[in-house]
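Q: return a 3D structure for these sequence lines:
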Amino acid sequence: MISRFDQLVRTIANVLKTGDLITVLTGAGVSAESGIPTFRGPEGYWTVGSRNYQPSEIATQAMFQRNPKEIWKWFLYRRGICEDALPNPGHLAIVKMEKLLGSRFRLVTQNVDGLHLRAGSNIDRTYQVHGNLNYMRCARECSVPARYILFRVACPERREATIFQKMSGTCSFARNAGL
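A: Numbering: from 1, shown residues only. Take a look at the predicted model:
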């Protein structure tokens, strides 16, 4: 009798022979090994929430309009966790698969941590369906997207203050929100 693993290997080998496009879908589980909380696990973001709000309150446009500083604090906290994390063997295995398949490979990820890209995944073949915490844009779409990393280089010790300072100089909405 063929083991489940051997059956999986045979299935993958047959798919690879077809020459068709191969798409890999990832979620929070692939980054959990890197120390990033999942959303629904025991220490997950949706379970724990922020200091003052539950995620169902904080992850809304209405809350952002009402209290943008609180939203920024929550996102910057999450971003700090992601920034300290490193790609794990799962991310690296996906990069190897991409290198083997070349243009036949696509990666679709729900993760916003950027670890797939830091591991070496090609940005042109990586679809980040929920975005990436390393990129931002004005809520009023009055500016082009900017990378947080540009702000971090200016002041690594005071990342949050630097981001707020940079935003306030570029957008009347950010200034009016007190950012």
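
Q: and the most centrally placed residue in the chain, which helix or strand is it part of?
A: Residue closest to the mean C-alpha point of the chain, counted by CA atoms, centre = their mean, is residue 112 at 1.1 Å. Using DSSP states H and E, residue 112 falls within no helix or strand.

Q: check it and give its pLDDT.
A: Per-residue pLDDT puts residue 112 at 92.

Q: residues touching it, list them.
A: Neighbouring residues of residue 112 by CB atoms under 8 Å, 6 or more residues apart in numbering: 78, 82, 128, 130, 131, 132, 133. Glycine gets a C-beta too; all of them are placed from N, C-alpha and C.

Q: in a strand, the last one, correct?
A: No. Counting by DSSP: H, G, I helix; E, B strand; the rest coil, residue 133 is located in no strand; its state is coil.

Q: and residue 107, which helix or strand is it part of?
A: strand 105-109.

Q: give the other helices and strands that the helix or strand following that strand contacts.
A: Heading C-terminal from strand 105-109, the first helix or strand you meet, by DSSP H and E, is helix 115-119. With contacts defined as 3 or more CB pairs under 8 Å, 6 or more residues apart in numbering; DSSP states H and E, helix 115-119 has these neighbours: helix 89-101, strand 126-128.

Q: can you give me the buried ones in the shortest one?
A: Neighbour-count burial for strand 126-128, with 16 or more other CB atoms under 10 Å as criterion, is recorded at 126, 128.

Q: what does stretch 24-33 give?
A: Here stretch 24-33 shows 24, 26, 28, 30, 31, 32 as buried, counting by 16+ other CB under 10 Å.

Q: now, which of those sits nearest residue 43?
A: When the buried residues of stretch 24-33 are ranked by distance to residue 43 (CB to CB), residue 32 comes first, at 10.0 Å.

Q: nearest residue to the closest one other than its sequence neighbours?
A: Residue nearest to residue 32 in three dimensions, not counting chain neighbours: residue 38, with 5.5 Å by CB to CB, 6 or more residues apart in numbering.

Q: check which helix or strand covers that neighbour.
A: Of the helices and strands defined by DSSP H and E, none includes residue 38.

Q: how many residues are close by it?
A: Residues near residue 38, counting by other CB atoms under 10 Å, number 17.

Q: that one and residue 29: what is the separation?
A: 7 Å (CB to CB, to the nearest Å).

Q: pick the most buried one from the helices and strands packed on helix 115-119.
A: strand 126-128 (a mean of 18; mean count of other CB atoms under 10 Å).

Q: what about it, average pLDDT?
A: The model assigns strand 126-128 a mean pLDDT of 94.
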